[in-house]
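Novice: prediction below, plus the sequence it came from.
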Amino acid sequence: MEIEQQVVELAYAMDTFYFLVAGALVMWMAAGFTMLEAGMVRTKSVAEIATKNIALYSIASIMYMLIGYNIMYSDGLSSIIPGLGFLISGDNAVADVLGSGGDIYYSDRADFFFQVVFVATAMSIVSGAVAERMKLWAFLAFAVVLTGFIYPIQGFWSWGGGILDQIGYLDYAGSGIVHFTGAAAALAGVLLLGARKGKYGADGRINAIPGSNMPLATLGVLILWLGWFGFNGGSELKVSDIESANAVAAVFANTNLAAAGGVVAALITTRLIFGKADLTMALNGAVAGLVSITAEPLMPSPVLAMIIGAVGGVIVVFSIVALDKLKIDDPVGAISAHGTAGIWGVMAVLLSNPDATFFGQIVGLLAIFVFVFVASLIVWAILKAVMGIRLSEEDEAMGADIAECGLEAYPEFTGKQ
């Protein structure tokens, strides 16, 4: 009996440690988003982008602890309306796992930490889409609402055992629950915010606004690529038995192949369309490939995982072009890489998971989009009426760094861009 107890304790320790390391990898994605966005915006907006990203991560951590986690994993008042429990009570789950020998394999603190980095990821998606023309404090006010209420409510519907879970919606690590949610919230904000000055000409011409630092943007994507192993691999939730260990290995391999497929497909697509290898499209191809495989990284074969990522890489190129034609200004391509590719990722579950149904997947996407988009649009509209969400023309021309932060990211290059 003592040996059995020791085995249980060892499994608990291994799974808790694995969960925490996976969460740390996902937290490192905050650095990836920061570097990607900093490289894709102009020099005069880099410091403000960095401020937004470190602030939104902090706000997400606090709001999810105070409210969000307790909404998402509470006993719901119904399958649609979540309750408000107090799951982070200060007690770890070790007594439960040793006493029941049952379903809990890790500390509840580890679970909270892993979940909070996911909600921060969703908010990071919004940051890039509204870059260079949104007021900093309006953005942070929205972060409070998204991370504390909007994300957790739709998360309850699926991962919290709510209505979407009951109808069979499957989303292993969050192509829809995390990435499509962030993109829907971003789209609502962008529609109310409008495009950057000079992005679209009166004659319908689309003017390119080059980013400040392509090597930095590339570093950001590679950091995201690394962090995604924790994002998808950690979603297996445990690693202390042979079956789980093999599953984690498969998830890692498929995640990597999907990203690679996305890059190559995006490069080929841009070469065929534009006659050049567009680095920004290749970077978004990597992200799109990662988003595409996130809904089901375990079940596909390696070849299918690569194909799923490659389709995402093609989709993201056409999506970015289409949004530009619609005059929807997204400086980093976040709505396309996380939203359009997120839709594909959720539907691609049907290709490998026999438990997935077309009805469950499409209803899940529609429910997430309608709720997140409408709720976000209302919040953005309130913020616009109360405090304004857009920088003045003068501040936008001067740059968000000086207007919002009072400093420049690259002071020695002042006036060069």
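Specialist: Nice, thanks for sending it over. Residues are numbered from 1 along each chain as shown.
Novice: lowest-confidence helix or strand of the chain?
Specialist: The helix or strand of the chain with the poorest confidence is helix 94-100; it has a mean of 40 (mean pLDDT, DSSP states H and E).
Novice: now do the same contact list for Asn256.
Specialist: Trp225, Phe229 (Cβ atoms under 8 Å, 6 or more residues apart in numbering). All C-beta atoms are positioned from the backbone trio N, CA, C, and that covers glycine.
Novice: please report how far it lies from Thr43.
Specialist: 33 Å (Cβ to Cβ, to the nearest Å).
Novice: which stretches of the stretch 51-200 of the chain have low pLDDT?
Specialist: Judged by pLDDT under 70, the stretch 51-200 of the chain has its weakly predicted residues at 84-106.
Novice: cutoff 80 now
Specialist: Applying pLDDT under 80 to the stretch 51-200 of the chain picks out residues 76, 83-107.
Novice: how about the helices in it?
Specialist: Taking DSSP state H, counting those that start in this stretch as the criterion, the stretch 51-200 of the chain carries its helices at 69-72, 94-100, 108-129, 136-145, 151-158, 163-166, 181-193.
Novice: can I get those in CSV including mean neighbour count and distance to Ile368?
Specialist: Shown next, in CSV, are the helices of the stretch 51-200 of the chain (neighbours: other Cβ atoms under 10 Å; distance: least, Cβ to Cβ, whole Å):
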stretch, mean neighbour count, distance to Ile368
helix 69-72, 23, 14
helix 94-100, 13, 31
helix 108-129, 25, 11
helix 136-145, 20, 16
helix 151-158, 26, 5
helix 163-166, 19, 8
helix 181-193, 25, 6
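Novice: quick check, Ile307 in contact with Ala260.
Specialist: No: assessed by Cβ atoms under 8 Å, Ile307 is found out of contact with Ala260, at 11.4 Å.
Novice: state the mean pLDDT of the helix or strand containing Gly23.
Specialist: Using DSSP states H and E, Gly23 falls within helix 2-40. Mean pLDDT, helix 2-40: 91.
Novice: got the angle for that helix vs helix 108-129?
Specialist: Relative orientation of helix 2-40 versus helix 108-129 (axes from the mean of the first three to the mean of the last three Cα atoms, to 10 degrees): 10 degrees.
Novice: pull the contacting residues for the nearest residue to Val126 once chain neighbours are set aside.
Specialist: With Cβ to Cβ, 6 or more residues apart in numbering as the criterion, Val126 has its nearest non-adjacent residue at 4.4 Å, and that residue is Ala186. Contact analysis of Ala186 by Cβ under 8 Å, 6+ apart lists Ile125, Val126, Gly128, Ala129, Val130, Asp330, Ala334, Ile335, His338, Gly339.
Novice: same check on Val311?
Specialist: Ala265, Ser292, Trp344, Ala348.
Novice: go on, Asp278?
Specialist: So Asp278 contacts Ala266, Leu267, Thr270 (Cβ under 8 Å, 6+ apart).
Novice: out of the residues you listed, which is most surrounded?
Specialist: The residue in these with the most neighbours, by other Cβ atoms under 10 Å, is Ala266 (32 neighbours).
Novice: which SS state does it fall under?
Specialist: helix (DSSP: H, G, I helix; E, B strand; the rest coil).
Novice: burial of the residue lying closest to it once chain neighbours are set aside, as a residue count?
Specialist: The shortest distance from Ala266 to any residue other than its chain neighbours is 2.6 Å, reached at Gly285 (Cβ to Cβ, 6+ apart). Close neighbours of Gly285, defined as other Cβ under 10 Å, add up to 35.
Novice: what secondary structure does Gly285 sit in?
Specialist: helix.
Novice: ok, now which ones touch it?
Specialist: Gly285 neighbours (Cβ under 8 Å, 6+ apart): Gly262, Val263, Val264, Ala265, Ala266, Leu267, Gly312, Gly313, Val316, Val317.
Novice: buried members of these into ChimeraX, please.
Specialist: A single ChimeraX command selects the buried members of those (16 or more other Cβ atoms under 10 Å):
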select :262,263,264,265,266,267,312,313,316,317
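Novice: how about the contacts of Gly285 in a markdown table, adding pLDDT and distance to Met398?
Specialist: Formatted as a markdown table, the contacts of Gly285 follow (pLDDT from 0 to 100; distance: Cβ to Cβ, whole Å):
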| residue | pLDDT | distance to Met398 |
| --- | --- | --- |
| Gly262 | 98 | 37 |
| Val263 | 98 | 36 |
| Val264 | 98 | 40 |
| Ala265 | 98 | 39 |
| Ala266 | 98 | 34 |
| Leu267 | 97 | 36 |
| Gly312 | 98 | 37 |
| Gly313 | 98 | 37 |
| Val316 | 98 | 32 |
| Val317 | 98 | 33 |
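Novice: circling back: mind listing which of the contacts of Val311 are in helices?
Specialist: Per DSSP state H, helices hold the following members of these: Ala265, Ser292, Trp344, Ala348.
Novice: need the contact list for the first one.
Specialist: This means Ala265. Counting by Cβ under 8 Å, 6+ apart, Ala265 touches Gly285, Gly289, Gly309, Ala310, Val311, Gly312, Gly313, Val314.
Novice: for the last one, same thing?
Specialist: With contacts taken as Cβ under 8 Å, 6+ apart, Ala348 has the following neighbours: Ser292, Ile293, Ala295, Glu296, Ile308, Val311.
Novice: and for the second one?
Specialist: With contacts taken as Cβ under 8 Å, 6+ apart, Ser292 has the following neighbours: Ser175, Ala258, Gly262, Ile308, Gly309, Val311, Gly312, Ala341, Gly342, Trp344, Gly345, Ala348.
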